[in-house]
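Asks: Model the following, please.
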Amino acid sequence: MIDTKIYEIDPKSIEKERLKFAAKTLREGGTVAFPTETVYGLGGNALDEKAVKKIFKAKGRPSDNPLIVHIAKVEDLDDLVKVIPENAKILMEKFWPGPLTIIFERGDKIPDVITGGLDTVAIRMPSHPIANLLIEMAGLPIAAPSANLSGKPSPTKAEHVINDLEGKVNVIISGGSCEVGLESTVVDVTGKPMILRPGGVTKEELEAVLGNIEVDLAIEEGNVNLIPKSPGMKYTHYSPQGEVIIVSGAVEKIVEKIHSLKQENEKRGLNVGIMCTDETKTLYKEGVVLSMGSRENVASIANHLFDVLRMFDEEGVDIIFAESIEKKSLGHAVMNRMIKAAGYHIIKTGR
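Replies: Numbering: from 1, shown residues only. All right, here's what the predicted structure looks like:
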């Protein structure tokens, strides 16, 4: 059991003194959970194999699952990668700092434990002021997967991190809610550009600067037998304690089907949760009904998705029926996470 230090820091008015201990902890091989614009990350010195192994231990994360390395400035890339392709330079100029991770050929200083033995390394530059300043003050590249127990919904609030990791990590920085709410988009530029994980930067935004870009088939719905190439996508993720089932189709058909499924499962004695949207919430009269956000503002759904999944745990539900949303733009990333949370269990209704 570790004596976890918890520091509350206002991202709008950062007191550097409060970050000094966390930066020192990272330099000394410890683990620090901190907010980013995507989700909270659990950081350790990316160049210290022992420190990185502490991350895997705290999360209960499989050791063959690669980690993303976080940097504070572009110059930090020099010691971490072999070459910076032109496509990477374009993406860095447009989207860094921000919710975009780029896959490079790994440099010699990157230990195998970071990459899962691969010849590539995933790197991003977060835009969150606390994250960026912490990395700069530590003076190190920081390996940081999401700061949750492996398999659980990613943390977008400090209380999520505290619930999962207090007593398992050295420091937790409480810095409010994360702006995006979904992990970063991952793009491989070691060959023809390919999206390995959808996230806060959309396919449309990427294509506006790179032209047509492919998507890893393994992350698409139904391709359960393909192994995703991206960090954090290989194993089941984002799952609350209750079983999640997605209901897809036309909205009115979705609502009708969920009503039917709710009645069937309540007869079995199950506590049923319904994950809906602002537009449909009033159509469900009873039960544990939680809205993800508005279909007219998909960013609000992205921002609340993981929090809502955790709220169902607090309600002690046995099974959750979740409305699908349209898989376009940011909705592609939202549905990717929902499908993973549901273990690819989708009920399709008529259109």
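Asks: care to break this structure down by domain?
Replies: Domains of the chain are assigned by automatic domain parsing as 5-219, 243-348.
Asks: Phi first, then psi, for the residue in the chain sticking out farthest from the centre.
Replies: Using CA atoms, centre = their mean, the residue of the chain lying farthest from its centre is K267. It sits 35.4 Å away. Backbone torsions of K267, given as degrees, to the nearest 10, read phi -70, psi -30.
Asks: measure stretch 239-257 end to end?
Replies: Length of stretch 239-257, first residue to last, CA to CA, to the nearest Å: 22 Å.
Asks: buried set for it?
Replies: Residues of stretch 239-257 classed as buried: 239-240, 242-249, 251, 254-257 (neighbour count, 16 or more other CB atoms under 10 Å). C-beta here means a position set from N, CA and C on the backbone, and glycine is covered the same way.
Asks: Likewise for stretch 153-169?
Replies: Residues of stretch 153-169 classed as buried by neighbour count (16+ other CB under 10 Å): 153-158, 160-165, 168-169.
Asks: what would those residues look like in JSON lines with pLDDT, secondary structure and distance to V189?
Replies: Listed next are the buried residues of stretch 153-169 as JSON lines, based on pLDDT from 0 to 100; DSSP: H, G, I helix; E, B strand; the rest coil; distance: CB to CB, whole Å:
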{"residue": "P153", "pLDDT": "95", "secondary structure": "coil", "distance to V189": "29"}
{"residue": "S154", "pLDDT": "96", "secondary structure": "coil", "distance to V189": "25"}
{"residue": "P155", "pLDDT": "97", "secondary structure": "coil", "distance to V189": "28"}
{"residue": "T156", "pLDDT": "98", "secondary structure": "coil", "distance to V189": "28"}
{"residue": "K157", "pLDDT": "97", "secondary structure": "coil", "distance to V189": "32"}
{"residue": "A158", "pLDDT": "97", "secondary structure": "helix", "distance to V189": "33"}
{"residue": "H160", "pLDDT": "97", "secondary structure": "helix", "distance to V189": "32"}
{"residue": "V161", "pLDDT": "98", "secondary structure": "helix", "distance to V189": "31"}
{"residue": "I162", "pLDDT": "98", "secondary structure": "helix", "distance to V189": "36"}
{"residue": "N163", "pLDDT": "96", "secondary structure": "helix", "distance to V189": "37"}
{"residue": "D164", "pLDDT": "97", "secondary structure": "helix", "distance to V189": "33"}
{"residue": "L165", "pLDDT": "98", "secondary structure": "helix", "distance to V189": "32"}
{"residue": "K168", "pLDDT": "98", "secondary structure": "coil", "distance to V189": "34"}
{"residue": "V169", "pLDDT": "98", "secondary structure": "coil", "distance to V189": "32"}
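Asks: In which helix or strand does I173 reside?
Replies: Counting by DSSP states H and E, the element that carries I173 is strand 171-174.
Asks: Kindly provide the distance from E214 to L206.
Replies: For E214, the distance to L206 equals 11 Å [CB to CB, to the nearest Å].
Asks: nope, N336 is what I meant
Replies: Distance of N336 to L206, given as CB to CB: 15 Å.
Asks: Contacts only, for the residue nearest the centre of the chain.
Replies: In the chain, the centroid-proximal residue (CA atoms, centre = their mean) is E183; its distance is 3.0 Å. By CB atoms under 8 Å, 6 or more residues apart in numbering, the contact set of E183 is T38, V39, P99, S146, S154, R197, G199, G200, G232.
Asks: Counting neighbours, what do you get for the second one?
Replies: Translated: V39. Neighbour count of V39, defined by other CB atoms under 10 Å: 27.
Asks: quick one: contacts for the residue lying closest to N303 once chain neighbours are set aside?
Replies: Take N303 and drop its neighbours on the chain: the residue closest to it by CB to CB, 6 or more residues apart in numbering is G181, 3.8 Å away. Contact partners of G181, counting by CB under 8 Å, 6+ apart, are T38, V39, T156, A302, N303, H304, L305, F306, D307.
Asks: thought the second one was touching S154?
Replies: Read that as V39. Yes - using CB atoms under 8 Å, V39 is in contact with S154, at 4.3 Å.
Asks: ok so, going back, for the residue nearest to N303, what is the enclosing helix or strand?
Replies: Assigned by DSSP H and E, G181 belongs to no helix or strand.
Asks: so how far is K327 from L217?
Replies: According to CB to CB, L217 stands 15 Å off from K327.
Asks: Just read off the phi/psi values of the nearest residue to N132 once chain neighbours are set aside.
Replies: In this structure, N132 finds its nearest non-sequential neighbour in A72, 5.4 Å apart by CB to CB, 6+ apart. When quoted as degrees, to the nearest 10, the phi and psi of A72 stand at phi -100, psi -20.
Asks: Could you tell me how many residues sit around A72?
Replies: By the criterion of other CB under 10 Å, A72 has 21 neighbours.
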